[in-house]
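Sequence and predicted model, in that order:
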Amino acid sequence: MKVKVASGVQDIRAVWFEDGRLKLIDQRKLPLSLEIVETEDWRRAVEMIRDMTVRGAPAIGITAAYAMALAVRAGEEPKAAALCVKAARPTAYDLFYAVDRIVDAFAAGEDVLRAADAYAEEIVEKCLAIGRHGASLIADGMKVMTHCNAGALATGDWGTALAPMRVAHAEGRRFFVYVSETRPRLQGMQLTAWELLQEGIEHAIIPDSASASYMRDGVGLVITGADRIAANGDFANKIGTLDKAILARHFGIPFYVAAPISTFDPNAADGSAIPIECRAEEEMTCLGGQRLAPLGSRALNPAFDVTPGSLVTGFITESGIIPPGGQF
Ligand code: MRU
């Protein structure tokens with residue numbers, strides 16, 4: 001069991017393989033209940049990516065790697081299974097990167113399950129490295145803002161945007177985190193706040209629409225994750241990230257994006273090449289299963305937006321902090 005949430009820095013693991021089964025924290029249930037779901041069926045693993053039992057680009061990648069390993073072990077033709085796994089969600093590049101890694105491992109005659117384990121461990125190491133590179137950006141007494149959830153739940157153990165906060169906290173610095181709630185699925189309020197609480201990092205949940213006021217009043221740093229980063233530094237992340245980047249530029253606040261190299265899409269020249277997922281209208285019109293919008297009103301629900309690289313101060317990667325459009 002790898003879910004230890006009482007204290008400590010790397011105790012939350014979102015996805016792991018144990019006793020022949022893929023195990024995941026059901027992120028749709030947090031923070032009200034901590035439930036583990038498990039499967040040995042690769043199609044069910046794909047379904048869990050699609051229905052957001054697991055979400056966040058690197059965690060989607062790890063799940064996809066295991067889904068591929070299960071598919072190959074079940075005798076599926078790897079390229080056909082790869083197409084199916086890749087269709088689970090369109091935006092997070094880690095999904096495509098991870099699937100190709102397992103297809104390549106199979107072609108090289110490697111054990112696919114070992115390859116998936118190695119991929120998961122690699123992401124954990126990369127997240128820790130991101131934390132170490134980014135921690136120096138966080139000064140004692142600083143106010144930091146983040147959006148969505150780019151913590152342990154979304155990645156491998158340490159998080160991407162939350163990794164520098166974890167490391168800075170472990171190094172003894174005190175700082176405060178504004179967690180924007182992240183409408184409509186509330187990943188900030190339900191997941192990031194839950195993780196920061198486990199870590200004992202001071203924070204408050206704010207409405208997405210309060211970002212401007214708090215930035216004006218003294219935010220020193222904004223850090224988000226990314227779902228896909230284009231070669232010129234444009235990147236897709238949870239809807240509302242673009243607003244924060246524009247505001248940060250307006251108020252002269254450094255805006256950093258934390259992501260492993262597996263999130264960089266070398267085939268996307270710029271943000272226009274990034275596919276943006278549009279999700280069900282009901283995520284907008286209903287709350288807690290009850291419709292609150294007028295019957296007959298339509299809703300638009302893009303899950304991500306694209307922020308121009310020109311608004312990014314730097315990308316915090318496992319290889320160090322690189323400028324937008326820099327070599328990765
Ligand atoms: O729709 P989600 O919850 O999968 O979106 C997640 C995000 O947008 C995260 O910020 C992103 O994947 C980075 S996770 C390290």
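Perfect, thanks for sending it.

Give me the three-state assignment for residue 310.
helix (DSSP: H, G, I helix; E, B strand; the rest coil).

Distance check, it against residue 222.
With distances defined as Cβ to Cβ, to the nearest Å, the gap from residue 310 to residue 222 amounts to 15 Å. C-beta: built from backbone N, CA, C; applies to glycine.

again with residue 271
Residue 271 sits at a distance of 18 Å from residue 222 (criterion: Cβ to Cβ).

Please see if stretch 318-328 touches the ligand.
No. Counting by Cβ under 6 Å from any ligand atom, the ligand is not contacted by stretch 318-328; separation bottoms out at 12.8 Å.

how about the residues of the stretch 151-300 of the chain near the ligand?
Residues of the stretch 151-300 of the chain found near the ligand (Cβ under 6 Å from any ligand atom) are 154-155, 160, 187, 225-227, 237-238.

For this structure, which residue gets nearest to the ligand?
Evaluated by Cβ to the nearest ligand atom, the chain has residue 225 as its residue closest to the ligand, separated by 2.7 Å.

Model confidence score at that residue, please.
Predicted confidence (pLDDT) at residue 225: the value is 98.

neighbours around it, how many?
Residue neighbour count, defined by other Cβ atoms under 10 Å, stands at 31 for residue 225.

which residues does it contact?
Residues counted as contacts of residue 225 (Cβ atoms under 8 Å, 6 or more residues apart in numbering) are 56-57, 148, 150, 154-155, 159-161, 237, 257-259.

repeat for residue 182
The neighbours of residue 182, taking Cβ under 8 Å, 6+ apart as the test, are 147-149, 188-189, 192, 208, 238, 240.

So it versus residue 192, what's the distance?
Look at residue 182 and residue 192: by Cβ to Cβ, they are 8 Å apart.

what sits in contact with each of these two?
Taking Cβ under 8 Å, 6+ apart as the criterion, residue 182 and residue 192 both touch 148-149.

coming back round to it: look at residue 271 and residue 222 and report which has more neighbours.
Each of residue 271 and residue 222 had its neighbours counted (other Cβ under 10 Å), and the higher figure belongs to residue 222 (26 against 21).

Secondary structure class of the more buried one, three-state.
Remark: residue 222 carries the secondary structure label strand [criterion: three-state DSSP].

That one bridge partners, please.
Beta-bridge pairing of residue 222, defined through DSSP bridges, involves residue 145, residue 255.

wait, isn't residue 237 in contact with residue 311?
No. Checked against Cβ atoms under 8 Å, the pair residue 237 and residue 311 is beyond contact range at 11.8 Å.

which one of these two has more residues nearby?
Applying other Cβ under 10 Å to residue 237 and residue 311 shows that residue 237 carries more neighbours, namely 29 against 20.

Report pLDDT for the more buried one.
pLDDT, residue 237: 98.

so who does it touch?
Applying Cβ under 8 Å, 6+ apart, one finds that residue 237 lies in contact with 147-148, 224-227, 257, 304-305, 307.

repeat that with 6 Å
Residue 237 makes contacts with 224, 226-227, as judged by Cβ atoms under 6 Å, 6 or more residues apart in numbering.

tally of neighbours for the closest residue to it other than its chain neighbours?
Closest residue in space to residue 237, ignoring its immediate chain neighbours: residue 226 at 5.0 Å, by Cβ to Cβ, 6 or more residues apart in numbering. When counting by other Cβ under 10 Å, one arrives at 27 neighbours for residue 226.

Narrow the contacts of residue 182 to those that are buried.
Burial by neighbour count, 16 or more other Cβ atoms under 10 Å: within these this picks out 147-149, 188-189, 192, 208, 238, 240.
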